[in-house]
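Take this sequence and fold it.
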Amino acid sequence: MATIVEPETTKPAAAGPRHSVPQAVERPAAAPGGRRRIVFAVLGLALLGLIGLGAKKWWFARSHVSTDNAQVDGHIIPILPKVGGFVAEVRVQENQNVKAGDTLVVLDDRDFRARLAQTEADLAALLATVSSRTRVGQAEAAVAQAQANAIKAHADLERLEPLAQQDIVSKQQLDAVRAAAVAADAQLASAQAALVGADARVAAARAARDQAALQLSYTRLLAPTSGVVSKKTVEVGQLVQPGQPLMSVVPLDDVWVVANLKETQTADVTSGDPVDFTVDAYPGRHFAGRVESLSPATGAKFSLLPPDNATGNFTKVVQRVPVRIRLDRPNEAAHPLRPGMSVNVTITTK
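Here you go, the predicted model:
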């Protein structure tokens, strides 16, 4: 089979001006010294920033003391019964606000009422033997009678003595009158002593009556101050004993901050120094206060097992000194401080 090959034809180039093709221009490489200068400038700025920050902290530390080892503290008042008995009523709930004088718990008081009635009856019986505002008692009547007999006996003696000197009456009669006067004096002294004894018995009976009434009043447990009920462990029908913890009342209107400063930080801290602190529960919220007092001893000395450095196993540890801080303002209802909250404290010492 035959193959036909056609001749190639070349087209002439179009007439016109020739344009030169642009060639890439080589730029000179940056000098190594320029890069070093940039790096050194950045490092220098960073170093200056660190030096400035360190100087600022050093200057701040000259007049301020800071610690995060601090907590809010306050009174936690235990509610303890003074008498034992069965619980009749529990009138509060956990975390309930109470006011001073509110009744928290009521104990069964029937036994105490019976005891009070018995002591009142004993007192009434004893009052019948001594004087009172409305009547004369037996003991006082006996004293009055003995006093009248003594006065009569001494009067008879005064009349008979001149007659005996004139031998108008016999000596035997004079001796009998003298003996009667002495007996009347003795009877008066005895009646007065009986009256004093009766008064003492009445006083004892009245004290027993008052004690019974006081025991009856103890069957109602009242809130000693305004606050919030916490840690309630009592229920109706429970048998409680004197001194048994039933609940606690925490007054939130009287709280303070205890900052445990290192012993090396307390050299310039004095009472009255201003304090700024924050609480972890309220980020960004600042509170103001003042140093109220410093503890007379470190916290380790009040621990259950104080360290004994004389045993030979001595390791020096920086001790902590509790510093009490009083708030400048009352506890806020919107941001209440509760005992146990963690605090960051800064004290201005100069």
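
Next, give phi and psi for the residue nearest to residue 349 when sequence neighbours are not counted.
Closest residue in space to residue 349, ignoring its immediate chain neighbours: residue 268 at 3.9 Å, by CB to CB, 6 or more residues apart in numbering. Bear in mind the C-beta positions are built from the backbone N, C-alpha and C, glycine included. The phi/psi pair for residue 268 (degrees, to the nearest 10) reads phi -100, psi 0.

ok, which stretches of the stretch 251-350 of the chain are strands?
255-262, 274-279, 286-294, 320-327, 342-348 (DSSP state E, counting those that start in this stretch).

Could you check how far the residue nearest to residue 349 is from residue 68?
From residue 268 across to residue 68, the span is 19 Å (CB to CB, to the nearest Å).

again with residue 154
92 Å.

and these two? which has more neighbours close in?
residue 154 (17 against 13; other CB atoms under 10 Å).

part of a strand, is the more buried one?
No - counting by DSSP: H, G, I helix; E, B strand; the rest coil, residue 154 is not part of a strand but helix.

Where is the longest strand in this protein?
strand 64-74 (DSSP state E).

And the next helix or strand past that one?
Note on strand 64-74: by DSSP states H and E, the next helix or strand toward the C-terminus is strand 77-79.

Who are the packing partners of that next one?
Helices and strands touching strand 77-79, as assessed by 3 or more CB pairs under 8 Å, 6 or more residues apart in numbering; DSSP states H and E, comprise strand 247-250.

Repeat the analysis, applying 10 Å as the threshold.
strand 227-230, strand 247-250 (3 or more CB pairs under 10 Å, 6 or more residues apart in numbering; DSSP states H and E).

any chance of the ones you listed in TSV, with mean neighbour count, distance to residue 142 and mean pLDDT too?
As requested, these are arranged in TSV below (neighbours: other CB atoms under 10 Å; distance: least, CB to CB, whole Å; pLDDT from 0 to 100):
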stretch	mean neighbour count	distance to residue 142	mean pLDDT
strand 227-230	19	58	96
strand 247-250	20	56	96
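
can you list the ones you listed in a markdown table and add distance to residue 127?
Formatted as a markdown table, these follow (distance: least, CB to CB, whole Å):
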| stretch | distance to residue 127 |
| --- | --- |
| strand 227-230 | 44 |
| strand 247-250 | 42 |
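
measure residue 248 to residue 279 for me?
Counting by CB to CB, the gap from residue 248 to residue 279 is 22 Å.

Now residue 267: phi and psi?
phi -60, psi -40.

Would you mind confirming that it is in contact with residue 347?
No - using CB atoms under 10 Å, residue 267 makes no contact with residue 347, being 12.0 Å away.

and the two? which has more neighbours close in?
residue 347 (26 against 9).

what bridges to the more buried one?
Judged by DSSP bridges, the bridge partners of residue 347 are residue 65, residue 275.

Read off the pLDDT value for it.
Predicted confidence (pLDDT) for residue 347: 93.

which non-adjacent residue is nearest residue 287?
In space, and not counting its chain neighbours, residue 287 is closest to residue 277: 5.4 Å by CB to CB, 6+ apart.

next one: residue 276
residue 346 (5.0 Å).

list the contacts for that neighbour?
60, 64, 65, 66, 67, 259, 274, 275, 276, 277, 278, 286 (CB atoms under 10 Å, 6 or more residues apart in numbering).

which ones are touching the second one?
With contacts defined as CB under 10 Å, 6+ apart, the neighbours of residue 64 are 57, 265, 268, 273, 276, 346, 347, 348, 349, 350.

cool, the last one as well?
For residue 286, the residues meeting the contact criterion (CB under 10 Å, 6+ apart) are 276, 277, 278, 279, 346.
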